[in-house]
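>>> using only what follows, build the 3D model:
(2 chains)
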Amino acid sequence: MQTAPDSLAGAPTRQSFFTEGGSLWLPPQQSTTAHEIDALFYFILYTSIFLTLLVSAAMIYFVWKYRRRSHADRPRDVIESKWLELSWITIPTLLVLVVFFWGFRAYVGTAIPPSDAITINVKAQKWAWAFEYANGTNVPGEIWVPVNTPVRLEMTSQDVLHSFYVPEFRIKHDVLPNRYTYVWFEAPREGTYQVLCTEYCGTSHSDMGARIHVVSRGEYYEILRNGPPGMGPMAPAALGESVYTRYNCNTCHSIDGSEKVGPTWLNIWGQPRPGSEEGVVDEEYVHQSILYPQAYIVPGYENANMPSYDGQLDETQLAGVAAFIRQLSGAATAADTTLSEGDVADQQDMEAPEGGMGDPGTPVADPVDPQDREIVREGESAPQN
Amino acid sequence: METLTQSPRPAQPAPVPREARQYPVGHEPVHNYLREPRPADDVRGLARAWAWIKLWALSVDHKRIGIMYLVAVSFFFSVGGLLALGIRVELFTVGPTIMEPDTYNRVFTMHGLVMVFLFIIPSIPATMGNFLLPIMVGAKDVAFPRLNLLSLYVYAAGACIALYSITTGGIDTGWTFYTPYSKETGTAVIAMALGAFVMGFSSILTGLNFIVTIHKMRAPGMTWNRMPLFLWSIYATSIVQILATPVIGITLVLLVMERVFGIGIFDPALGGDPVLFQHFFWFYSHPAVYIMILPGFGVISELMGTFSRQRVYGYRAVALSSVAIALLGFLVWGHHMFTSGQSPVSSVVFSLITFLIGIPSGIKVFNWIWTMYKGSVWLKTPMLYALTFLFLFTIGGVTGIMIGALAVDIHLHDTYFIVAHFHYVMMGGTVMAFLGGIHFWWPKMTGRLYNETLGKISALLVFLGFNLTFFIQFVMGSQGMPRRYYDYPDMPWLEPLHQLSTVGSFVLGLGLLVVLVNGLLSLKRGKPAPGNPWGGATLEWTHTTSPPDHHNFHHTPLVTHGPYDYEVLFHSSGDSQGGAPIPNVEVGAPQEMGTTIDDGTTGQPDSATDM
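Sure thing, here's the model as predicted:
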């Protein structure tokens, strides 16, 4: 099954089990809060290994030492020792209290985002993630964030529960349809990290991935100004193909005729509408099917339950999908595969982000150097530029 | 004489040849519950088979009900196990292996539902609890025998509804039924929710029956402090069953109403709150974890005592920690929801209480190990399972500490680390206790000894297979493998680990198959079991034959010693009491005992004293 769309920029940094900075137990730490969580993880791990070995050793020793030598063995009563019992009540209690406070402290660090974090909105939907910068730039399937900068993700779901998980960042939070939840992270190194969905959400739960690209500050501004790479002006059919992969249409619809959750897109253009007496597959049919999926149901896919993309795709993108479907049926027109002048002009008109990092809610104006940010965090000596 | 009869000694019967007098008079196994009541001798052929079926299906005898439960839960354990193998095979390679994603989602959902609701919740209480609880308290039956039979039928009805849901397309929500997915999905959620709802009644009725039996029907001298620890743990379990199960019942009814009428309690589109469902669900399902594990604790206590021939160390601590766990268990449900969107303050409180509940379980493990101290440890199959339990449950426990720590759980939640953790607790805990208990009481239940070599082979295979399957999943989980994933295209480097895990699951399956074969073989070829093959000191060993009489005891036993006072066996051994209810206790070489026993297969005439 094809997942992580190939058209996304850059493969995840992690490509093997043992990677630099990783260990047998944990993936490499790529966020500023990871080390504290990992320290606690290893503390519990080694204490647990020690305790398990102790228990096993006692068990094996007793089994051997007091093995039944004769069927007439008559062991003597053992007097219960208060001290022994008290010790194995008190010591574990103290240990777990240490673990509790440690876990609590580290949790506070991960739960409260710094006040100068930039905010990016996240929309989850079966089975794709979409990201939206404060300046309105909408990117499905991947985001670019600046290195050494706290980033706060405001998340909400369009349908069922999802959960946003980045193993390298040690962050995870459920994404709910009726409220906003958030996670935050600060990545100290550039790289590309895989986002996973960890709350079961149906057929393509395991394909619901996305990528986070941690890039330099300059590159980040570049993307805010000019849009993400690979999102520039495109011919309609190419744009449609990009929508197909970025919005994870590919998890349910094949383009090679194979069976998936939904009907294939291969060779359907101009064919009679399936399950309908009249009409053929045309622009109107494709539009309706994307925005109002219940409008036309292909027989055999009654339970497929496609979510609506109303409000997520604009007219250009919808036209692009139609062009892409035409292309798959070998019915592409010249206009479908060439870049129009107007498109290029539109893209260049795209608004440059205002207010630097583009978070209207940020109490501290941008751009902030990492050094400045440290000062801000420390308190009142913050320069109010 | 350590044990006395309460009723007057019966008249001495006619002398019988020495060989046949291996049992005290009146305790010959010919009068056992498996054979009586039986159809009249002149009923033959099909009519006779039908008469047998009626005598079992309508029997209110707690032992027959226990056996019927045993057959049912074994069947569902096999079903759940085969589904698990399906899951493991699918994950053997990256990409589709043997099934489609939708099939996979149904398979893991059914695996969870079958294992939780149809197997593990009724496993120990309904089989061993039903069979042994009345005998252990020294009663003829549970307090409400007809209610007990009703529980069985309610369970069967719930199971049928659950199975029906498979025929109508199955269910793909995961066993947790989380909304709003469970409201939207086009699968048979309603049938499955109603099935679980109905089975809940069976659980409640059984718990009620057990509590009343323990309170009101203990034999003279059976004080609370002389109750076997198995009874204490079943008692604690029953409290949880009665108090928690109604909550899941109501929750599932609300879910069904949500789907049918759209009342909008959980559906955000109608103003409901999906997190509310999680609170309701875990308010039952966390205590349900203790419904699953507490009876296992009880079985392990019996095994450690008997096979160490030593008083269970810290009897009171072990007994009361069960009750403490049962009560504290109601206050920790929020630890399933650290990342769900409940308030961080609740998460902190739930984390703290979660750590506190770990302490009583730890106390139990230390006490069990110390029970062997200066004991006489007999490494029979049940003891091997008990030791396996101690090892696996310890790992399950310490990894519970790991995921109870707030910050660490954020990383580990909903990954394979959780999957491994709860399999170590549920399978490594409850199922090992179940297997140990079944081996331990098999001679008592069936009157046959199983093959010890096969038993040991099975224990070894289960131990190796289990650890290979699930230990690796800890590593996969902490490396970031999410649970309920059909495929892992973004983490192809985990493939070798998945493959080892799959291999392990087949070793585990083979071990369990050996258990099944061993049991079936023993019914056909096993040596007849003596009354007390292991030298146990609780009433089912000292005062009943193998298998027990239809009425358990001929005389209400008088209990004069604690459940683990093995010394008493030496005093009574070989001491012919005539009609006294102490069977021969084979302290010498128990397994040779059965060879001379008339197990009733010679067709002796039925005794008129029964029925």
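
>>> say whether chain B is contacted by stretch A:168-182.
Yes. Using C-beta under 8 Å from any C-beta of the partner chain, we find that stretch A:168-182 touches chain B at A:170, A:171, A:172, A:173, A:174, A:176, A:177, A:178, A:179, A:181. C-betas here are computed from N, CA, C, even on glycine.

>>> of the residues you listed, buried ones?
A:170, A:171, A:172, A:173, A:174, A:176, A:177, A:178, A:181 (16 or more other C-beta atoms under 10 Å in any protein chain shown).

>>> now tabulate those in JSON lines and tack on secondary structure.
Formatted as JSON lines, those follow (DSSP: H, G, I helix; E, B strand; the rest coil):
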{"residue": "A:170", "secondary structure": "coil"}
{"residue": "A:171", "secondary structure": "strand"}
{"residue": "A:172", "secondary structure": "strand"}
{"residue": "A:173", "secondary structure": "strand"}
{"residue": "A:174", "secondary structure": "strand"}
{"residue": "A:176", "secondary structure": "coil"}
{"residue": "A:177", "secondary structure": "coil"}
{"residue": "A:178", "secondary structure": "coil"}
{"residue": "A:181", "secondary structure": "strand"}
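
>>> just to revisit the earlier point, which of the residues of stretch A:168-182 next to chain B sit farthest apart?
Comparing all pairs in the residues of stretch A:168-182 next to chain B by C-beta to C-beta, the longest separation belongs to A:170 and A:178, at 26.5 Å.

>>> residue B:92 against residue B:500, yeah?
No. Using C-beta atoms under 8 Å as the test, residue B:92 is too far from residue B:500 to be in contact (10.3 Å).

>>> show me what stretch B:220-228 is in contact with.
With contacts defined as C-beta atoms under 8 Å, 6 or more residues apart in numbering or on different chains, stretch B:220-228 is touched by B:6, B:136-138, B:214, B:218, B:298, B:301-302, B:315-316, B:319, B:538, B:556, B:558-563.

>>> from those, which ones fall inside helices?
Mapping those onto helices (DSSP state H) picks out B:136, B:137, B:214, B:298, B:301, B:302, B:315, B:316, B:319.

>>> what is the neighbour count of the first one?
To tie it back to what came earlier, the one meant is residue B:136. 26 (other C-beta atoms under 10 Å in any protein chain shown).

>>> ditto for the last one
Neighbours of residue B:319 under the rule other C-beta under 10 Å: 23.

>>> tell me the contacts of it?
B:227, B:229, B:232.

>>> which ones are touching the last one?
Just to be clear, that refers to residue B:232. Contacts here follow C-beta under 8 Å, 6+ apart; on that basis residue B:232 touches B:298, B:318, B:319, B:322, B:323.

>>> same question for the second one.
Each residue near residue B:229 by C-beta under 8 Å, 6+ apart is listed here: B:297, B:298, B:301, B:302, B:305, B:312, B:315, B:318, B:319, B:322, B:563.

>>> still on that earlier bit, ok, the contacts of residue B:232 vs chain A, which is closest?
Distance to chain A across the contacts of residue B:232 (C-beta to the nearest C-beta) is lowest for residue B:318, with 10.7 Å.

>>> quick check: the closest residue to chain A within the stretch 201-350 of chain B vs residue A:250, distance?
Closest approach between the stretch 201-350 of chain B and chain A, counting by C-beta to the nearest C-beta: residue B:268, at 3.3 Å. For residue B:268, the distance to residue A:250 equals 28 Å [C-beta to C-beta, to the nearest Å].
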